[in-house]
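[1] Sequence first, predicted model second:
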Amino acid sequence: MRRYRRAKIVATLGPATSSREAIRALFEAGADVFRFNFSHGSHEEHRARYEIVRALETETGRPIAVLADLQGPKLRIGRLAAGPLMLEKDSRFAFDLDPAPGTRERVPLPHPEVFAALKPGVELLIDDGKLRLVVEEANEASAVARVVVGGPLSERKGVSVVGAVLPVSALTEKDRVDLAFALALGADWIALSFVQRAEDLDEVRTLANRPIALMAKLEKPSAIEGLAAIIAGADAVMVARGDLGVEMAPEQVPIVQRRIVHAARAAGKPVIVATQMLESMIQAPTPTRAEASDVATAIYEGADAVMLSAETASGHYPVEAVAIMNRIIEAVEADPHYRAGLDAANPAPQPEVSDLICDALQRSAAILPIAALVTYTTSGYTSLRTARERPAAPILSLTPERAIARRLALVWGTHPMLSRQFDHVTDIVDDACAMTRQEGLATSGDLIAIAGGMPFGVKGSTNLLRIAQLPA
């Protein structure tokens, strides 16, 4: 089953999409990657969905990526003695480590790591930013803050800290258990929440104790400050706009999104734009015009993938949400201005043989009537560097490694397929001609461009470019 678009769709599975029929319907509507959200659901539920996805993969013969999204730390206030209370603008309110239920003057915040980072001027956002307070006094056990935006406060509401890097691991004990489970299950991508610095990624890799495909979720302003180092340390990134929108001004989120997409593309790392893309479709069968425009903007910017969260996990119209997202992507990619924008934003190739080859691939597709680009890869590197160039022709990514084929299902423009291992260039050319014909990418007399590395099977050794014509 071939997609006739370049950007990919990530669909979150949940209560609304746990059956074999529902998951297959999402795939047929256009889902390329299935996200397992470990903030919800039991391991048994995730395992059952995973087995359905793998059975579907076998039935269709198309690699499908599974993204395991770890929950990350959740900071919350404690209990209240007399139920919800009202915080008045310009009033002063205290937070402390005392476990006693909160009153009109103070509330427990059972997170010592928060107080270790607080200082005057740091903002505390409560209940997804509905309440805003600015710290005026702080020590290791308590803080007094002035209410900037008031309103009702209920117990156990979430707290975000803006203006400080918290001395807290991105991995909770729950995350460690979930990570071990996801890796044992066979997840293709691991998404790490609450990333503040590049070192957070190192902790996950050390814990995994084997090579993994690690995605950094960019949801905190401190991560944006260290964007270059985080992208360098990650295998992919996600623009988690929901949390970003809580901790920074709304008008800054589109600018940050564009910055992340361009930086990830320049680095050759896949980038997902996520959160609230078609949110009205949780309840309605069609999106708003603004939501359609939002999806289109991410595609025009060159994102590898766009993601649906509650729309497919718990919404009333999950299949319709994937279908309309598929249609939006196809419409954008058919616009001549789309290609012009991608070409104008092409990052300069690095002074490496592999980038020279991949740049030549992209240029060959722009100059010659190339029907398809064929990349042979054992690590995914050649396909990633080719996708970085955003070529006009589709990329048939052939690999003998099933895990790599699945990971590449996330990558812009790639059509990953399993192949056998090769020892001779002539075998590669013959196989490329046969596979492009089989997958409907080329027909008799068409030109294809082939890239790979010699010696075969060595990571990062892309040094072969061959133009071939399919025989009659």
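    All right, it came through fine. Residues are numbered from 1 along each chain as shown.
[2] which sections of this protein are below the confidence cut-off?
    Scanning the chain for pLDDT under 70 picks out the ranges 1, 455-461.
[3] Can you give the domain ranges for it?
    The chain breaks down into these domains under automatic domain parsing: 8-72+171-336, 85-162, 353-469.
[4] So for Ala345, which of the ones you listed sits nearest?
    Of all the domains of the chain, domain 8-72+171-336 sits nearest to Ala345, with 6.3 Å by Cβ to Cβ. (Glycine included, C-beta is placed from N, CA and C.)
[5] measure the closest one end to end?
    End-to-end distance of domain 8-72+171-336 (Cα to Cα, to the nearest Å): 19 Å.
[6] Take the domains of the chain and lay them out in TSV including mean neighbour count and distance to Asp343.
    What follows is these, written out as TSV (neighbours: other Cβ atoms under 10 Å; distance: least, Cβ to Cβ, whole Å):
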stretch	mean neighbour count	distance to Asp343
domain 8-72+171-336	20	10
domain 85-162	17	38
domain 353-469	20	8
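[7] would you list those domains in CSV and tack on distance to Pro347?
    Below are the domains of the chain laid out as CSV (distance: least, Cβ to Cβ, whole Å):
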stretch, distance to Pro347
domain 8-72+171-336, 4
domain 85-162, 31
domain 353-469, 7
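[8] And these: which comes nearest Leu342?
    domain 353-469 (4.4 Å).
[9] Next up, the contacts around Leu361.
    373, 386, 389, 391, 449, 451, 465 (Cβ atoms under 8 Å, 6 or more residues apart in numbering).
[10] Narrow these to those in helices?
    With DSSP state H as the criterion, helices contain Thr386 from among the contacts of Leu361.
[11] can you redo the contacts of Leu361 as a markdown table with distance to Leu410?
    Shown next, in a markdown table, are those (distance: Cβ to Cβ, whole Å):
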| residue | distance to Leu410 |
| --- | --- |
| Leu373 | 18 |
| Thr386 | 15 |
| Glu389 | 17 |
| Pro391 | 17 |
| Ala449 | 23 |
| Ala451 | 20 |
| Leu465 | 25 |
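[12] Ser142: which of the contacts of Leu361 is nearest?
    Closest approach to Ser142 among those (Cβ to Cβ): Glu389, at 54.5 Å.
[13] thought that closest one was touching Gln362?
    Yes: the criterion here is Cβ atoms under 8 Å, and Glu389 meets it with Gln362 at 3.6 Å.
[14] what do these two both touch?
    Listed contacts common to Glu389 and Gln362 are Asn346; contacts here mean Cβ under 8 Å, 6+ apart.
[15] what ranges do the helices span in the stretch 251-400 of the chain?
    253-267, 289-301, 310-313, 318-333, 336-344, 353-367, 381-388 (DSSP state H, counting those that start in this stretch).
[16] now these as CSV including distance to Ser222?
    Below are the helices of the stretch 251-400 of the chain laid out as CSV (distance: least, Cβ to Cβ, whole Å):
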stretch, distance to Ser222
helix 253-267, 13
helix 289-301, 23
helix 310-313, 26
helix 318-333, 31
helix 336-344, 31
helix 353-367, 31
helix 381-388, 27
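[17] nearest to Ala170, of these?
    helix 253-267 (17.8 Å).
[18] Quick check: the gap between Ala22 and Val33.
    16 Å (Cβ to Cβ, to the nearest Å).
[19] next one: Lys8
    6 Å.
[20] same question, Glu291
    Going from Glu291 to Val33 by Cβ to Cβ gives 20 Å.
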